[in-house]
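>>> kindly return the folded structure for what I paste below:
(chains A and B)
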Amino acid sequence: MKLDTSKHFFLPEDQHLFDYDYIFSASAMWVDLGMEDVEATFDLFVRDLPKRRNFLLLNGLEEMISGILDWSFTDEEVDFLLSRKIITPKIVPLLRKFKFVGDVMAMPEGSIFFAQEPVLRITGKLWEINLMTFFLMNALSSNTIFSSKIVRSFLAARNKIYVATCSPVRGHAHEAALKFGRSAYILGSASGMVPGFARKYNIPYESKARAFHAFIKSFSTEIEALRACASIFPNSSVMVDTYDTNQGIENIITVCKEQKTKKLPVFSAVFIDSGKNLKAFINQAKMIRRKLDQNGLKEVQITVAGNFEEYKIDQLVKKKAPIDKVIMGTELVAPSDDPKVEVVLKMAQFVKNGEVHSTAKLATGKVSYPGLKQVFRKYKNGIMDGDTIGLEVERPGTPLLIDYIKSGKLVREMPTLDQIKEFTFAQLETLPEMLKRVDKEFNYDVKFSDGLDQLLAEARRVHQSKHL
Amino acid sequence: MDIPSYIPADHFFTDEDLPLFEVTATFAYCQVLLKENKGHEIATFDLTVRDLPKNRNFMIFGGLEEIVCKIKNWRFSSEQIDVLKKTGLIGSEMAEYLSDYKFSGSIEAMPEGTVFFPGEPILRLTAPIVEANLFYVFFVNCVPSYTIFMSKAIRSVIAAEGKTVVSNGGRALGFEAGAKYVRSAYLTGISTRLQLSPLLKYKIDMPKGLFKTTFHAFIKAFPTEMEAFKAFVKEYPDHEAGLMIDTYDIVQGLKNAIEIGIELKKNGKGLAAIFIDSGDLVRNSKHARKCLDKAGLTDVKIVIASNIDEWKIAKLIRAKAPVDFFMAITELTTVADDPKLEIVYKMAELRDGEKVRYTMKHTPGKRSLPGRKQVYRFIEKNVYTKDVIGLDGGKNTGQPLLVPIFEKGKLVYTLPKLDYIKEYIEDQVAKLPEQYKKLTVQRHPYKVDLSAELSELVYYCNKSSH
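Residues are numbered from 1 along each chain as shown, chains lettered A, B, ... in the order given. Reported below is the predicted structural model:
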């Protein structure tokens, strides 16, 4: 049987047609109507803050910038669009030599941002930007959902527990798991759990072995499995609860003592993988800590896993549980408390024959503002103290959007993952204490400037006058 | 300034990423097994969903096609083996093993699209212990996406009571998830005509006679809504255009759309549909229908969008809202009400020649079952009555759900076409007891029993572990 094995992952060649047919039709129509030189500015933003998030953390910019710079169409793709009558002939030569030559401003990757704030502003030919709608929305939403979820666990751990988030399993497909791993790395999580991740992003590798349940079960007794592990990976972490935790910890202590006699390093951690509830985890951890200490094994750490997330980590810290490390996966990679962000790409203005037209959406509850925007942040003693979404010409604070692409050229050095990580932690230093909590008790102040409000009012007036 | 080399050429997950996308512990562990001369032992693993997601009554299995295609071609390049060697996780034994690795095991699985319940093995893999361990991360990232997408999407199809649900892969957790969502939604009977590349990728026919939509950015690029509408229907005059009526003001938008509709009709053409994307959906759709009908535009369809999910569809149906198409996107692509799946891959037995060791996990709430198992489904008068998890080849009746896929490395299964899977799902959902098709979670879940033989084995394993 001949298998078509190429179709299950999302490939670079799937990218440029990953949009509605009528998105292409619209661009073709604009070109037909002589609007090919109309310059438009679009804002990429999140409409509402997810209900359980105090802030969002921008991830995915690297992907968006390189995606915009590389955007093009193969002859095959153009022929397909034409043969299915999705486009008309006039746009064909334009698509064949597609190269984005506009401007992009954005917040740096790792920025803290809020609803309604443009995180990326793109200016170029209307018909061109239109074709990237889906790409920009999806690249922002996936990466940012992960970073904005993971960061909560880091904040909840308050440096008391090491959050080793990077267990990229049970994701919404492999790419989501990969991107989750990237966001976790940016937030300081260990990268070592999946070699394929370190390989893809070219980052240093942290070697970690672990005796997990299937390993232990593949030997006839637990102690045999532990001894086999000790002989090859003496500093691995070992699961304690494959059969019975009380017996498990005795076996681990026995093997650790044997290691010490042989002057070998001892196991680095005891791993608790199951517990009926949080209390059960804490009690087990206390018991294990006591026994390890009694046996002179203070250096052996305690690691837990089992559907942990920020709410539980918050409790572990508050209850002073003797837990050194938490491994997380499922709850973060498919964040059930807030799995979606309402990302939108909205046109703010266009320039036709030298004349600027402000554009706004006026639908109730879904208003989008016109104008060339900038996001300004105020600080007080180094802490964030209110944002204003304003017009570029206003200056109520430090502007957050900076130039990335000008006339189709990259004008800023793209950071490495480690630089993004550094920037992220510097950002978190400026975060008000109230926003670091797991619960939402406080709304950070984000307002529209007077200039923008006036422009919106004007757009309304202009629109109404056309209907009179 | 060019894009620096430390930025990957693409941010997608490709075949190159696959074999090393596995937890490090697995490679280290396999190295130990080979060194301890345990590599010849034959392990059987089950892929199982431990708990029913909290808002579901049943699940639909997806991902088998991908599993077959990827496992058949699973290889390690010398570059990838070097990466592993550099990490210190593997030694020469494992490196040698991987260098000429080719799948040699057996797999039984439920066909793609099978309705299943928690605790049931959906896939059973029997292979030498080292290779049985290589696919853990692959399985638990492959099956959840398709499975949660289908298990979510089918609920909207059921709620719509025969009306069309339209969807696409927007705002999903990544592009791959978006594409897989499109495939999954298509299989459950959702109309997924919208995005082009998934249609090409999965060879789904582009449906004919579907309308094209004016979207907000298109409308905003013209001085007035009316000019935008006119430009659009000039290109698509013959029952092809769907007009979004709420960019500025829904009352005026509807008037404009009706004017266009009347104009087209006069010329022997016609408007296809109007879109309502905000506000009170019941009231807006009823009002729009009334106005359209009054203007003689009875054939113009109404499309509803705006965070639609199965609950909103049910509400609109109950209120007899005159909706022809429900457009459900973000809530479905992100599976917002139940985004995760507790899928586990657990060893059930280990054979060393004639010596069999049964393995199971005893932890309450996390139990895994021992032995080589099969799932049997009982049907009475075309309705499913219960499932029984039993031992393969034991004394069982009922229809076995796991079918042979690979036998000792050889593919023995013919992968069905998408439309066959679609029919298969429709047929099974028809046989599902009515109460499990409801949106509310049923207090008494569908019955899944253990066979007497399996219960005995569990009892025996429990006893011998203490």
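>>> any weak-confidence spans in the stretch 51-200 of chain B?
B:193-194 (pLDDT under 70).
>>> same thing but 80
B:192-195 (pLDDT under 80).
>>> neighbours of residue 174, how many?
In the absence of a named chain, chain A is used. Taking other C-beta atoms under 10 Å in any protein chain shown as the neighbour definition, A:His174 ends up with a count of 30. Using the backbone N, CA and C atoms, a C-beta is placed for each residue, glycine as well.
>>> wait, chain B
Neighbours of B:Gly174 under the rule other C-beta under 10 Å: 32.
>>> look up how far chain A lies from it.
Note on B:Gly174: its distance to chain A, by C-beta to the nearest C-beta, to the nearest Å, is 4 Å.
>>> now swap in B:Ala295 and tell me
Here the distance between B:Ala295 and chain A works out to 19 Å (C-beta to the nearest C-beta).
>>> what's around that residue, how many residues?
Per other C-beta under 10 Å, the neighbour tally for B:Ala295 reads 17.
>>> using the three-state scheme, assign A:Ala176.
Judged by DSSP: H, G, I helix; E, B strand; the rest coil, the three-state class of A:Ala176 is helix.
>>> what sits against residue 441?
With no chain named, the answer covers chain A. Under the criterion of C-beta atoms under 8 Å, 6 or more residues apart in numbering or on different chains, the neighbours of A:Glu441 are A:Met434.
>>> switch to chain B, that's the one I care about
Counting by C-beta under 8 Å, 6+ apart, B:Val441 makes contact with B:Lys54, B:Asn55, B:Arg56, B:Asn57.
>>> what pLDDT does the residue in chain B sticking out farthest from the centre get?
Largest separation from the mean C-alpha position in chain B: B:Lys266, at 45.5 Å (C-alpha atoms, centre = their mean). According to the per-residue confidence, B:Lys266 scores 96 in pLDDT.
>>> in the stretch 1-150 of chain B, which spans are strands?
For the stretch 1-150 of chain B, the strands defined by DSSP state E, counting those that start in this stretch cover B:42-49, B:59-60, B:106-109, B:115-116, B:121-128.
>>> thinking again about what came up before, narrow the contacts of B:Val441 to just the buried residues.
B:Asn55, B:Arg56, B:Asn57 (16 or more other C-beta atoms under 10 Å in any protein chain shown).
>>> now the closest residue to the second one other than its chain neighbours: which helix or strand?
Nearest-residue entry for B:Arg56: B:Ser151, 5.7 Å, with adjacent residues in sequence omitted and distances by C-beta to C-beta, 6 or more residues apart in numbering or on different chains. Per DSSP states H and E: B:Ser151 is located in helix B:136-159.
>>> that helix to strand B:121-128, inter-axis angle?
Per axes from the mean of the first three to the mean of the last three C-alpha atoms, to 10 degrees, the angle that helix B:136-159 makes with strand B:121-128 is 160 degrees.
>>> following the chain onward from helix B:136-159, which element is next?
Once the chain leaves helix B:136-159, the following helix or strand, as judged by DSSP H and E, is strand B:164-166.
>>> by contact count, what packs against that following strand?
Secondary structure elements in contact with strand B:164-166, counted by 3 or more C-beta pairs under 8 Å, 6 or more residues apart in numbering or on different chains; DSSP states H and E, are helix B:136-159, strand B:325-327.
>>> just name the most buried of those.
Greatest average neighbour count among the helices and strands packed on strand B:164-166 goes to helix B:136-159 (a mean of 26), per mean count of other C-beta atoms under 10 Å in any protein chain shown.
>>> can I get it in PDB? Just the C-alpha atoms.
Once side chains and other backbone atoms are set aside, the C-alpha atoms of helix B:136-159 remain, and they are given as PDB (Å, rounded to 0.1, in the frame of the first residue of the first chain):
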ATOM      1  CA  TYR B 136       5.100   7.900  23.800                       C
ATOM      2  CA  VAL B 137       5.300  11.600  23.100                       C
ATOM      3  CA  PHE B 138       4.200  11.000  19.500                       C
ATOM      4  CA  PHE B 139       1.100   9.200  20.500                       C
ATOM      5  CA  VAL B 140       0.100  11.600  23.300                       C
ATOM      6  CA  ASN B 141       0.500  14.600  21.000                       C
ATOM      7  CA  CYS B 142      -1.100  13.000  17.900                       C
ATOM      8  CA  VAL B 143      -4.300  11.500  19.200                       C
ATOM      9  CA  PRO B 144      -5.600  14.300  21.500                       C
ATOM     10  CA  SER B 145      -5.800  16.900  18.700                       C
ATOM     11  CA  TYR B 146      -8.000  14.900  16.300                       C
ATOM     12  CA  THR B 147      -9.900  13.300  19.100                       C
ATOM     13  CA  ILE B 148     -10.800  16.400  21.100                       C
ATOM     14  CA  PHE B 149     -11.600  18.200  17.800                       C
ATOM     15  CA  MET B 150     -14.000  15.500  16.600                       C
ATOM     16  CA  SER B 151     -15.500  14.900  20.100                       C
ATOM     17  CA  LYS B 152     -16.200  18.700  20.300                       C
ATOM     18  CA  ALA B 153     -17.300  19.300  16.700                       C
ATOM     19  CA  ILE B 154     -19.900  16.400  16.700                       C
ATOM     20  CA  ARG B 155     -21.800  18.200  19.500                       C
ATOM     21  CA  SER B 156     -22.500  21.200  17.300                       C
ATOM     22  CA  VAL B 157     -23.600  18.900  14.400                       C
ATOM     23  CA  ILE B 158     -26.000  17.100  16.700                       C
ATOM     24  CA  ALA B 159     -27.300  20.400  18.200                       C
END
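>>> what's the angle from it to strand B:42-49?
30 degrees.
>>> helix B:136-159: how far from the chain's middle?
Between the mean C-alpha location of helix B:136-159 and the chain-wide mean there is a distance of 3 Å, by C-alpha atoms, centre = their mean, to the nearest Å.
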